[in-house]
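just to be clear, the model below is a prediction. Sequence and coordinates:
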Amino acid sequence: MVDLYPTRGSCEPAFIDRRDPVVYGTADDGPFDAETLAAYDRDGFVTIERLITPEEVERYRAELRRLSEDPALRGDERVVTEKSSTEIRSIFEVHRISEVFAELARDERVVGRARQILGSDVYVHQSRVNYKPGFKGRDFYWHSDFETWHAEDGMPRMRAVSISIALTDNFVCNGGLMIMPGSHRTFVSCVGETPPEHYRESLKDQEIGTPDPESLTALAERHGIELCTGPAGSAVMFDCNCMHGSNGNITPFPRSNVFFVFNSVENTCVEPFAAPQRRPEFIAARDFTPVGA
């Protein structure tokens with residue numbers, strides 16, 4: 001298979017123009033109207049002011065607490081702690097661990113929008129809950145998800161979408177999602193070879209597969225940076241190649257979210273393009289069964 005987005009194979013970073021569409025569906029295919037789809041095509045992301053109700057938020061928060069307090073999960077590889085503490089950073093494959101979150105992944109308000117954007121049936125490539133507690137929540141450095149999914153998971157093309165659903169209020173100050181609007185049209189080829197079992201370190205603090213400062217500066221000067229804020233129950237859907245990140249949280253206000261990645265069933269993963277082996281299935285699914293099938 002031809003590699004359209006080579007990365008981690010050179011000592012110099014490079015910009016590669018996107019070679020894939022951004023939106024595959026139309027306004028007739030789902031809940032987004034034509035104006036919203038056009039904005040997603042232009043910016044690479046859209047915000048949804050209230051995707052789920054306050055009552056549903058409370059249910060998912062309770063499940064979030066239950067998972068974080070479950071002693072049976074503490075030794076599970078799907079639970080990722082902070083690099084310098086035992087604080088939980090993320091729990092992966094949450095739609096398989098929790099039936100409560102599995103229901104949300106199947107909810108048409110969620111998966112219907114993914115199908116509309118990608119123009120096909122979709123499967124869950126990855127799911128997780130991210131905890132960013134008050135005072136202790138660490139940052140997630142700038143990155144394009146697709147760079148990692150391509151290099152380490154074997155995702156061939158840019159035909160995946162992520163949805164981040166806020167389970168706590170996202171303020172300007174508590175480490176909300178930052179995106180460079182329009183950056184999804186440029187692939188940043190990164191330097192550095194992927195070491196074996198790189199995921200063990202990268203899930204705590206990624207270095208390989210992150211853009212160099214000069215590339216980030218050029219993208220930021222070209223596109224600017226937008227901070228996504230909103231109440232609990234709001235959501236952000238963003239393209240797999242958006243350059244994004246978030247600051248740490250030193251406020252008293254926690255910021256937690258549930259995160260689903262939907263990939264087109266016409267874009268299933270092959271062998272990694274720039275890694276010695278695949279990442280584990282709890283990070284990068286190899287079950288391509290369409291959601292709802």
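On my side now, so go ahead.

which stretches in this structure count as strands?
14-17, 45-48, 79-81, 88-92, 122-130, 140-144, 160-166, 177-179, 186-189, 226-227, 235-239, 243-246, 257-264 (DSSP state E).

quick one, which of the ones you listed is nearest to residue 5?
strand 186-189 (4.9 Å; CB to CB). All C-beta atoms are positioned from the backbone trio N, CA, C, and that covers glycine.

can you give me how far the closest one is from the chain middle?
Distance of strand 186-189 from the chain centroid (CA atoms, centre = their mean, to the nearest Å) equals 17 Å.

now do stretch 180-188
Distance, centroid of stretch 180-188 to centroid of chain: 15 Å (CA atoms, centre = their mean).

also stretch 212-229?
Using CA atoms, centre = their mean, the offset of stretch 212-229 from its chain centre is 18 Å.

any idea how far the closest residue to residue 5 other than its chain neighbours is from residue 34?
In this structure, residue 5 finds its nearest non-sequential neighbour in residue 187, 4.9 Å apart by CB to CB, 6 or more residues apart in numbering. As judged by CB to CB, to the nearest Å, residue 187 and residue 34 stand 27 Å apart.

so which of these two has more stuff around it?
residue 187 (24 against 10; other CB atoms under 10 Å).

ok, that one - contacts?
5, 7, 15, 16, 17, 18, 144, 146, 147, 158, 241 (CB atoms under 8 Å, 6 or more residues apart in numbering).

going by neighbour count, which of the residues you listed comes out on top?
residue 144 (28 neighbours).

who's in contact with the closest residue to residue 68 other than its chain neighbours?
Of all residues not flanking residue 68 in the chain, residue 88 sits nearest, at 5.5 Å (CB to CB, 6+ apart). Counting by CB under 8 Å, 6+ apart, residue 88 makes contact with 68, 79, 80, 81, 82, 131.

now do residue 252
134, 135.

per-residue confidence at it?
pLDDT, residue 252: 86.

how much space between it and residue 233?
21 Å.

same thing with residue 98?
Residue 98 is 18 Å from residue 233, by CB to CB.

next: residue 139.
Relative to residue 233, and taking CB to CB, residue 139 is found at 24 Å.

looking at those two, which has the bigger crowd around it?
Using other CB under 10 Å, the more surrounded residue of residue 139 and residue 233 is residue 233, with 22 against 13.

hang on, the more buried one packs against residue 166?
Yes. Using CB atoms under 8 Å, residue 233 is in contact with residue 166, at 6.7 Å.

helix or strand with the lowest mean pLDDT in the protein?
helix 199-202 (a mean of 64; mean pLDDT, DSSP states H and E).

and residue 32, what is it in contact with?
40, 46, 113, 116, 117.

quick revisit: okay, the contacts of residue 187 in a markdown table with distance to residue 52 and pLDDT next?
Below are the contacts of residue 187 laid out as a markdown table (distance: CB to CB, whole Å; pLDDT from 0 to 100):
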| residue | distance to residue 52 | pLDDT |
| --- | --- | --- |
| 5 | 34 | 98 |
| 7 | 35 | 96 |
| 15 | 37 | 97 |
| 16 | 37 | 97 |
| 17 | 36 | 98 |
| 18 | 31 | 98 |
| 144 | 27 | 96 |
| 146 | 27 | 98 |
| 147 | 30 | 96 |
| 158 | 27 | 98 |
| 241 | 26 | 98 |
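
which one of those residues is nearest residue 279?
residue 147 (13.4 Å).

doesn't residue 215 make contact with the closest one?
No. Between residue 147 and residue 215 there is no contact, the gap being 11.2 Å when judged by CB under 8 Å.

can you show me the helices along the stretch 151-293 of the chain?
Here the stretch 151-293 of the chain has its helices, by DSSP state H, counting those that start in this stretch, at 199-202, 213-223.
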